[in-house]
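[1] A predicted structure for the sequence below; I have some questions about it.
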Amino acid sequence: MVRMRATERLHDQKEKQTLVEKNRVDFVINSHEWRECESEFAQVSEQTAFAAIAINAKDRLVAEKAIEKLYDQTLLAEVIIKHTKSSDVQYAALCKLNDQALLAAVIGSIGSEHARMEVVNKLTVQSVLADIAKFDSNTKVRSTAVEKLTDQAALTEIVKMEKHNGFVCLSAAERLADRSVAQEAFAYIAKQDFYPENMRYVHSGSEPLLDAVKNLDDRALLVDVAHNAKSTEVRIKAMEKAGLICKKDEHKWIKTGTCLKKCAVCGIGLYDHDYKEVSSEDTGEVSLSTYECTKCGQSGWASGYGSELQDGYCILDV
Ligand SMILES: [Zn+2]
Ligand SMILES: [Zn+2]
């Protein structure tokens with residue numbers, strides 16, 4: 001009987017204590033200023049209480065103070081998943097999260113690219129990195145994930161899956177260890193027609209594609225690229241590398257138009273315009289000039305981003 005009373009009393013005391021703790025946490029959560037709740041906050045000790053504060057605090061600084069006290073990895077992940085409205089608070093929690101499985105679990109809840117980059121930097125699990133490299137909406141995030149990948153099957157897959165950014169593709173191909181697999185990948189890239197997002201409107205300047213040709217030394221693949229690449233510039237580069245174009249002084253030029261000639265030996269065409277600048281405008285970022293040929297009247301523009309002027313070799317329809 002006596003013992004039962006003691007247990008009861010102990011139980012009551014515990015409940016009372018829990019209630020005090022709960023009220024304290026609620027007070028901290030509802031404070032509009034750190035100073036207002038600083039002393040109450042100092043008496044909080046449970047990890048779950050810090051997580052509740054981090055998730056629900058009205059004031060951002062209070063939430064960040066709670067994150068400073070959090071070390072429980074599962075709770076930190078919960079804060080990240082539930083705190084999608086403030087990217088600063090999410091980021092603060094992310095900086096303390098190191099558990100690989102939890103990092104993989106939270107990345108889908110993170111809107112900020114900067115924070116997703118942070119996750120990628122911390123991740124080492126190949127399968128998770130591969131998924132990010134394939135499916136993340138941001139090019140930089142995909143690129144960073146590719147740089148951390150060593151899984152050869154995943155890298156091969158990424159080369160074929162990437163449809164928007166040639167740099168992501170190229171970076172995956174460069175990480176392929178098997179020479180023939182890598183060569184196949186470079187040839188595949190060279191034949192595409194995508195451009196880096198910021199250069200999509202420029203006709204030339206398809207650098208990743210040209211770099212893929214630079215990496216190619218398998219002659220059969222070079223010939224394939226020379227015939228089948230979508231970009232003329234890439235085809236010419238591949239022809240040069242495969243030895244399908246004469247040396248500069250060995251061409252036998254036949255005039256085929258006012259500003260166009262064709263080599264009787266290798267079949268390559270050559271533009272021979274006499275461009276003069278007719279107007280120029282400064283858009284603030286870069287100047288754009290328009291040119292016109294004094295001989296045939298053909299006109300086009302050129303800027304720091306690229307040029308649509310006809311210059312050098314071309315491929316003539318047979
Ligand atoms: Zn020639
Ligand atoms: Zn001309």
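    Thanks, I have the structure now. For clarity, every value in this text was computed on a predicted model and none was experimentally measured. Ligands and ions are numbered 1, 2, ... in the order given.
[2] name the element Glu277 belongs to?
    strand 275-282 (DSSP states H and E).
[3] Direction included, what does that strand pair against?
    Using DSSP bridges, the strands paired with strand 275-282 in its sheet are strand 287-293 (antiparallel).
[4] buried sites along the next helix or strand after the strand it pairs with?
    Counting by DSSP H and E, the next helix or strand C-terminal to strand 287-293 is strand 299-303. The neighbour-count check on strand 299-303 (16 or more other C-beta atoms under 10 Å) flags 299-303 as buried. To be clear about C-beta, it is placed using only N, CA and C from the backbone, and glycine gets the same treatment.
[5] now do stretch 289-301
    Within stretch 289-301, the residues that qualify as buried by neighbour count (16+ other C-beta under 10 Å) are 289-293, 298-301.
[6] Distance check, the closest residue to Asp72 other than its chain neighbours against Val25.
    Nearest residue to Asp72, sequence neighbours excluded (C-beta to C-beta, 6 or more residues apart in numbering): Gln47, at 4.4 Å. In this view, Gln47 and Val25 are 12 Å apart by C-beta to C-beta, to the nearest Å.
[7] same thing with Leu123?
    Taking C-beta to C-beta, one finds Leu123 at 33 Å from Val25.
[8] Next: Ile254.
    88 Å.
[9] More neighbours: which of the two?
    Val25 (22 against 9; other C-beta atoms under 10 Å).
[10] I'd assumed the more buried one was in a strand, is it?
    No: using DSSP: H, G, I helix; E, B strand; the rest coil, the assignment for Val25 is helix, not a strand.
[11] measure it to Val44 for me?
    Taking C-beta to C-beta, one finds Val25 at 6 Å from Val44.
[12] Can you pull the residues of the chain lying near ligand 1?
    246, 251, 263, 265-266 (C-beta under 5 Å from the ion).
[13] Just the ones in strands from the residues you listed, please.
    Cys263 (DSSP state E).
[14] returning to that earlier point: could you tell me the model confidence score at the residue nearest to Asp72?
    Gln47 carries a pLDDT score of 97 in this model.
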